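Engineer: Using only what follows, build the 3D model:
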Amino acid sequence: MGQRVAFVGLGVMGYPIAGHLMRAGHEVTVFNRTLARADEWVMQYGGRAVPTPAEAASGAEFVFCCVGNDEQLAQVVLSPDGGLAGMTPGSVLVDHTTSSALIARELYKRALARGVGFLDAPVSGGREGAEQGVLSVMAGGRHEDFERVAPLVGSYSRCARLLGPTGSGQLAKMVNQICLAGVIEGLAEGLHFAEQAGLDPKAVVEVISQGAAQSWQMDHRSATMIAGQFEHGFAVDLMRKDLALALDEARHNGAKLPLAALVDQLYAEVQALGGNAWDTSSLLLRLRGQPIIGSRPQFTSDSS
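Structural biologist: Numbering: from 1, shown residues only. Reported below is the predicted structural model:
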């Protein structure tokens with residue numbers, strides 16, 4: 001039987017996630033800061049759009065949120081017309097934003113005071129994973145809240161795990177981004193080396209992708225990287241935001257992240273070339289010595 005659900009934030013990730021919830025038979029009410037985007041979603045999937053997060057959350061058993069950063073998250077959840085203001089005791093707030101563990105813990109305290117459950121549950125899999133409903137969801141919070149929301153999350157994920165208390169989901173997402181940064185730079189350097197060595201990079205990838213060098217990035221980004229196309233995924237600005245969260249957390253917990261810090265600075269060089277909104281595989285351009293011409297509009301709120 002379908003549940004009454006609210007979804008706040010219809011960016012690159014939130015838009016298809018909310019669609020999967022609707023297709024799974026739930027009654028979905030959406031809010032988005034750009035009202036035209038919410039209207040477009042309703043035209044495609046049904047449901048209804050409302051002008052504030054509080055109205056979306058009113059009467060909902062589950063409220064999902066997916067925005068861009070800590071500041072936006074606080075605005076749509078904690079403001080007077082934010083989602084938490086419209087929630088009733090016994091409901092659960094699920095945050096898919098990639099944000100800090102600090103704000104996750106603050107949201108948990110504020111939700112608990114209202115008798116509301118809370119999970120920090122960032123996702124990985126990119127736009128393709130969101131559209132295909134095969135995301136990975138890493139969650140922090142109480143077991144009972146996770147068990148209640150698991151059937152809904154299952155409509156758009158292939159793996160969802162509760163990894164510990166509140167904040168654990170965000171910490172796990174930092175691990176994801178740390179690993180991702182190194183893999184992308186490695187792929188960029190490998191392709192650049194192949195080009196400089198006079199090899200056919202497509203043929204090289206065809207061979208090495210069947211061995212130990214294979215990765216999601218190689219399978220999904222090598223062809224577009226070789227072709228010089230860098231508008232197919234997670235934006236550089238968003239990756240730097242995520243790496244900043246990881247590097248800041250590392251300063252507190254003592255973790256040593258020399259590679260993540262290096263790749264963060266390489267992305268700063270891409271930004272300086274005007275590539276803020278190009279996808280993260282644009283690291284290859286700085287190796288090729290090619291300028292990034294112009295800058296595309298910023299991608300709206302989302303996670304990689």
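Engineer: correct me, but Ala56 touches Val8?
Structural biologist: Yes - counting by C-beta atoms under 8 Å, Ala56 does reach Val8; the two are 6.0 Å apart. C-beta coordinates here come from the backbone N, C-alpha and C atoms, glycine included.
Engineer: which neighbours do those two share?
Structural biologist: Val30, Phe31, Val63, Gly83 (C-beta atoms under 8 Å, 6 or more residues apart in numbering).
Engineer: Now render the residues you listed as a markdown table, adding distance to Ala203 and secondary structure.
Structural biologist: A markdown table is the format used below for the shared contacts of Ala56 and Val8 (distance: C-beta to C-beta, whole Å; DSSP: H, G, I helix; E, B strand; the rest coil):
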| residue | distance to Ala203 | secondary structure |
| --- | --- | --- |
| Val30 | 46 | strand |
| Phe31 | 49 | strand |
| Val63 | 50 | strand |
| Gly83 | 51 | helix |
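Engineer: Most neighbours among those, which one is it?
Structural biologist: Compared across those, Gly83 has the highest neighbour count, 32 neighbours, by other C-beta atoms under 10 Å.
Engineer: For that one, give me its contacts.
Structural biologist: With C-beta under 8 Å, 6+ apart, Gly83 has these contacts: Ala6, Val8, Phe31, Pro53, Ala54, Ala56, Ala57, Val63, Cys65, Val76, Val77, Leu93.
Engineer: pretty sure the third one is touching Gly47, no?
Structural biologist: This means Phe31. No - when contacts are counted by C-beta under 8 Å, Phe31 is not listed as touching Gly47 (11.2 Å).
Engineer: Just give the nearest non-adjacent residue to Ile17, would you?
Structural biologist: Excluding the flanking residues, the one nearest Ile17 by C-beta to C-beta, 6 or more residues apart in numbering is Tyr156, at 5.1 Å.
Engineer: Could you double-check that the one you found sits in contact with Leu135?
Structural biologist: Yes - contact criterion C-beta under 8 Å: Tyr156 and Leu135 qualify, at 5.8 Å.
Engineer: Return every residue with contacts to both of those two.
Structural biologist: Ile17.
Engineer: buried residues in the biggest helix by length in the chain?
Structural biologist: Scanning the chain for the longest helix, with DSSP state H as the assignment, gives helix 168-196. Neighbour-count burial for helix 168-196, counted by 16 or more other C-beta atoms under 10 Å, picks out 168-174, 176-178, 180-181, 184-188, 190-192, 194-195.
Engineer: Can you name the element that comes right after it?
Structural biologist: Remark: after helix 168-196, the chain's next helix or strand is helix 201-208, criterion DSSP states H and E.
Engineer: Could you check the angle that following helix makes with helix 168-196?
Structural biologist: With axes from the mean of the first three to the mean of the last three C-alpha atoms, to 10 degrees defining the directions, helix 201-208 sits at 120 degrees from helix 168-196.
Engineer: After helix 201-208, which helix or strand is next?
Structural biologist: Following helix 201-208 toward the C-terminus (DSSP H and E): helix 216-227.
Engineer: What is that following helix packed up against?
Structural biologist: helix 168-196, helix 201-208 (3 or more C-beta pairs under 8 Å, 6 or more residues apart in numbering; DSSP states H and E).
Engineer: Quick check: which helices or strands does the last one pack against?
Structural biologist: If contacts are counted by 3+ C-beta pairs under 8 Å, 6+ apart, helix 201-208 sits against helix 168-196, helix 216-227.
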